[in-house]
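**Student:** No sequence on hand, only this structure:
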C-alpha cells in the first residue's frame with residue numbers, strides 16, 4: 001500500500017523521519033502560515049508541495065494528514081480531513097470542548113478511516129519498559145499511578161513579535177488540568193482495559209503571575225471504573241526547573257518511580273528483591289532493560305534522533321501499521337477523547353470547589369440525550 005502524507009503545523013515536522021523510513025510512504029506536502037519555514041523545511045526534507053491554506057491541501061490526492069496546529073484547530077481540521085477521505089494523526093489534545101469530542105467520535109465512526117492521537121509520551125522508552133513489565137505481571141495488581149507535567153511556559157504567552165499567543169487563552173487562560181494527556185496517557189496504558197469513571201480537581205490559587213487564570217498548580221484525581229486511582233499534576237506557572245516526564249506506579253508486588261532530577265534516575269522495587277525486609281532499597285530501572293520492547297533495544301541512532309528518545313519514530317510506525325493492516329490504532333479516538341475530557345471536566349470541577357464530575361463513556365454513548373455531564 002502506498003500512502004501520501006501531508007503535514008499541517010510546524011510541530012508535525014518531527015514525524016517526517018518516521019514516515020520517510022517506511023517503504024511506500026512519502027511526505028508530499030507541508031502546510032503552515034510561516035512561508036519561510038515552508039521554504040526551508042520543504043527543501044531540507046525534499047517535500048514537493050507547500051500550502052498556506054489547509055483547505056487547499058485537502059483538495060489534493062493525499063491519503064494521510066498530520067494535524068500539528070494549535071489545539072483549538074485540531075477538531076475542525078480533523079473533521080475536514082476525514083470528510084475528504086483521509087486518515088488522521090492528530091497532536092494533543094484531541095479537542096478543546098466536550099461538544100468537539102462528541103463530533104470527533106461520531107465523525108471517526110462514520111468515516112471508515114484511521115484516527116490516532118499522537119500522544120508521544122506513551123512512546124518514551126521508560127514508559128514502554130514499565131508497560132511491558134506490567135503486562136508480564138511483575139508489579140502484581142496495580143492500583144495507583146501518577147503523572148506530572150511541570151513546564152514553565154509563561155514566556156510562551158506572547159509571540160516574539162509581541163502579539164498574544166494562543167497559549168494565553170487555551171492553556172494559561174484555562175483552569176484545571178488543561179494539558180492532561182502527557183501525564184495521563186502512559187499511566188492509562190498501564191491500566192489497560194480500565195476506564196476513567198470520575199474526575200475531581202483542586203488548585204493552589206494564584207501566587208506567581210497575576211496575568212493568568214491558570215492556578216500555579218492543579219491536582220486532578222481520576223477514579224477508574226475498577227475503583228483504582230490516578231493522580232496528575234499540571235504546573236505551567238511556577239518558577240522552577242522543568243520536569244515533564246515524572247511518573248510513578250504502585251502494585252501489590254512492586255513499584256516504580258521516574259527521576260526527579262539532580263542525578264536521580266528511574267528506579268524500581270519488587271517484593272523479594274531484598275534479603276532483609278527491614279532494609280528495602282530501590283534498584284535502577286536500567287538493570288531491567290531486558291524488558292524493553294525489542295524495537296527499542298535495536299533502535300538506531302537515526303530513529304532515536306526523531307525526538308522523544310525514539311518515541312516520535314515508533315508512534316508513526318504504529319499509525320501506518322494500523323492503516324495498512326486495518327488494526328485498532330494504539331491510541332484510538334475513544335482513548336483520545338477520554339484522556340482529553342479529563343482536562344475539560346477538571347475545569348468544571350475546580351470551578352465548583354473540587355466537585356466530582358462523571359466521565360461519559362465515549363465507547364457506548366451514542367445519542368445526544370445521553371451526552372450529559374453530571375455534578376455529584
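**Tutor:** That came through fine. As the structure is a computational prediction, the values presented were derived from the model and not from experiment. Residues are numbered from 1 along each chain as shown.
**Student:** Now do the contacts for the closest residue to residue 283 other than its chain neighbours.
**Tutor:** Nearest non-adjacent residue to residue 283, counting by Cβ to Cβ, 6 or more residues apart in numbering: residue 268, 5.7 Å away. C-beta here means a position set from N, CA and C on the backbone, and glycine is covered the same way. Each residue near residue 268 by Cβ atoms under 8 Å, 6 or more residues apart in numbering is listed here: 254, 255, 256, 257, 282, 283, 284, 285, 288.
**Student:** try 10 Å this time
**Tutor:** Counting by Cβ atoms under 10 Å, 6 or more residues apart in numbering, residue 268 makes contact with 129-130, 133, 138-139, 249, 254-257, 282-288.
**Student:** any idea which helix is longest in this protein?
**Tutor:** helix 333-350 (DSSP state H).
**Student:** Quick check: next helix or strand after it?
**Tutor:** Sequence order places strand 357-358 as the next helix or strand after helix 333-350, per DSSP states H and E.
**Student:** quick revisit: in helices only, show me the contacts of residue 268.
**Tutor:** Reading helices off the contacts of residue 268 with DSSP H, I get 129, 130, 133.
**Student:** May I have the residues that are in contact with the last one?
**Tutor:** With contacts taken as Cβ under 10 Å, 6+ apart, residue 133 has the following neighbours: 139, 190, 249, 251, 254, 256, 268, 270, 285, 288, 291, 292.
**Student:** can you do 7 Å?
**Tutor:** Residue 133 makes contacts with 139, 291, as judged by Cβ atoms under 7 Å, 6 or more residues apart in numbering.
**Student:** pLDDT wise, what is the most centrally placed residue in the chain at?
**Tutor:** The centroid of the chain falls nearest to residue 119 when counting by Cα atoms, centre = their mean (2.9 Å). The per-residue pLDDT reported for residue 119 equals 97.
**Student:** Wait, it touches residue 331, no?
**Tutor:** Yes: between residue 119 and residue 331 there is a contact under Cβ atoms under 7 Å: 5.4 Å.
**Student:** gap between stretch 12-29 and the chain center?
**Tutor:** Centroid displacement of stretch 12-29 relative to its chain, using Cα atoms, centre = their mean, to the nearest Å, is 20 Å.
**Student:** Excluding sequence neighbours, find me the nearest residue to residue 224.
**Tutor:** residue 194 (4.7 Å).
**Student:** can you tell me which helix or strand that neighbour belongs to?
**Tutor:** Using DSSP H and E, no helix or strand contains residue 194.
**Student:** any idea how far it lies from residue 246?
**Tutor:** Distance, residue 194 to residue 246, using Cβ to Cβ, to the nearest Å: 21 Å.
**Student:** Who has more neighbours out of those two?
**Tutor:** Set residue 194 next to residue 246 and count neighbours by other Cβ atoms under 10 Å: residue 246 wins out with 18 against 15.
**Student:** Which phi and psi values does the more buried one adopt?
**Tutor:** Residue 246 adopts backbone torsions of phi -90, psi 130, taken as degrees, to the nearest 10.
**Student:** Spit out the contact partners of it.
**Tutor:** Contacts of residue 246 were listed using Cβ under 7 Å, 6+ apart, and they are 147, 148, 258, 260.
**Student:** give me the low-pLDDT residue ranges for the chain?
**Tutor:** Scanning the chain for pLDDT under 70 picks out nothing.
**Student:** now do 90
**Tutor:** 1, 10-11, 263, 274-279, 301-312, 365-376 (pLDDT under 90).
**Student:** quick one: the helices in it?
**Tutor:** Going by DSSP H, the chain shows helices at 16-20, 35-44, 54-58, 74-83, 98-111, 125-135, 167-170, 181-190, 294-297, 301-304, 311-325, 333-350.
**Student:** For residue 232, find the nearest of those helices.
**Tutor:** Comparison of the helices of the chain against residue 232 by Cβ to Cβ identifies helix 181-190 as nearest, at 4.2 Å.
**Student:** Cheers, nothing more for now.
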